[in-house]
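In: I need the structure of the sequence given here:
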Amino acid sequence: MKQKESQKGQGGLAALLERASLATNAVVEKLLILIGSAICLILFAQVLMRYAGSSLGWSEEVSRHLLVAITFLGSTAAYRRSGFIGLRGVGQWFGPRMERLILLLLQLLTLACFALISWFGVVYTGKAWGHTSTSLQIPMAFPFAVIPAAALILMLHVGSDMARTVQRETP
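Out: The predicted model follows:
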């Protein structure tokens, strides 16, 4: 009886993490389209302005910050869609239980890596608060905040993967 309740609780947590992961990814993918479009429009406007003999002094800085944001946020969407190169097959040599254990270990290491990136991202963002950008004169903490935000999203995706792995039955 307790085992069934425990499995039901794990299933509820897995379903919750999966829904949160999918919803977050949907928002991130829409944001990626918006950021990519903004980069294109800003750079196109910059080219037109230079051709007209003027220049948008802020365009290169904004584009650079948006490019960094699209890189970090894009990594979360790539992870969610399994767009990275995988290491399949090693665990299959040892059977399904060992494969599942190896997968969980790799997911734990990945989670720890993203937690470390998040921690250092928060520290780095805090240190950047006193520095301002060259042309926009905004605190550099704003563009740097994408680092811990993306790491937290990646941790959510890994947590969802781990819950699925734990929930998966082995023969």
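In: Buried residues of stretch 125-135, list them for me.
Out: Along stretch 125-135, these residues count as buried under the neighbour rule (16 or more other Cβ atoms under 10 Å): 125, 128, 133. C-betas here are computed from N, CA, C, even on glycine.
In: Just the mean pLDDT for that stretch, thanks.
Out: Mean per-residue pLDDT for stretch 125-135: 93.
In: What distance do you get for residue 61 to residue 35?
Out: Separation of residue 61 from residue 35 (Cβ to Cβ, to the nearest Å) stands at 15 Å.
In: helix/strand/coil for the spatially most distant residue from the centre of the chain?
Out: When each C-alpha in the chain is compared with the mean C-alpha position (Cα atoms, centre = their mean), residue 53 comes out farthest, at 39.8 Å. For residue 53, the assignment made with DSSP: H, G, I helix; E, B strand; the rest coil gives coil.
In: show me what contacts residue 119?
Out: With contacts defined as Cβ atoms under 8 Å, 6 or more residues apart in numbering, residue 119 is in contact with residue 148.
In: Pull out the buried residues from the helix or strand it falls within.
Out: Using DSSP states H and E, residue 119 sits within helix 96-127. Neighbour-count burial for helix 96-127 flags 99-100, 102-103, 106-107, 110-111, 114, 117-118, 121-122, 124-125 (criterion: 16+ other Cβ under 10 Å).
In: Then stretch 159-167?
Out: Under the neighbour-count criterion of 16+ other Cβ under 10 Å, stretch 159-167 has 159, 160, 161, 162, 163, 164, 165, 166 buried.
In: List the contacts of the residue positioned nearest the centre of the chain.
Out: The residue lying closest to the centre of the chain (Cα atoms, centre = their mean) is residue 76, at 2.8 Å. Contacts for residue 76 (Cβ under 8 Å, 6+ apart) come out as 24, 25, 28, 150, 153, 154, 157.
In: Equivalent analysis for residue 72, please.
Out: Under the criterion of Cβ under 8 Å, 6+ apart, the contact list for residue 72 reads 146, 147, 149, 150.
In: did I read that right, it in a helix?
Out: Yes - per three-state DSSP, residue 72 lies within a helix segment.
In: Helices of the chain, start to end?
Out: 2-51, 59-80, 96-127, 141-144, 146-167 (DSSP state H).
In: Confidence-wise, which of those is weakest overall?
Out: Taking the mean pLDDT of the helices of the chain, helix 2-51 comes last: a mean of 87.
In: so how far is it from its chain's centroid?
Out: Mean C-alpha position of helix 2-51 versus that of the full chain (Cα atoms, centre = their mean, to the nearest Å) differs by 8 Å.
In: Also stretch 68-85?
Out: Using Cα atoms, centre = their mean, the offset of stretch 68-85 from its chain centre is 6 Å.
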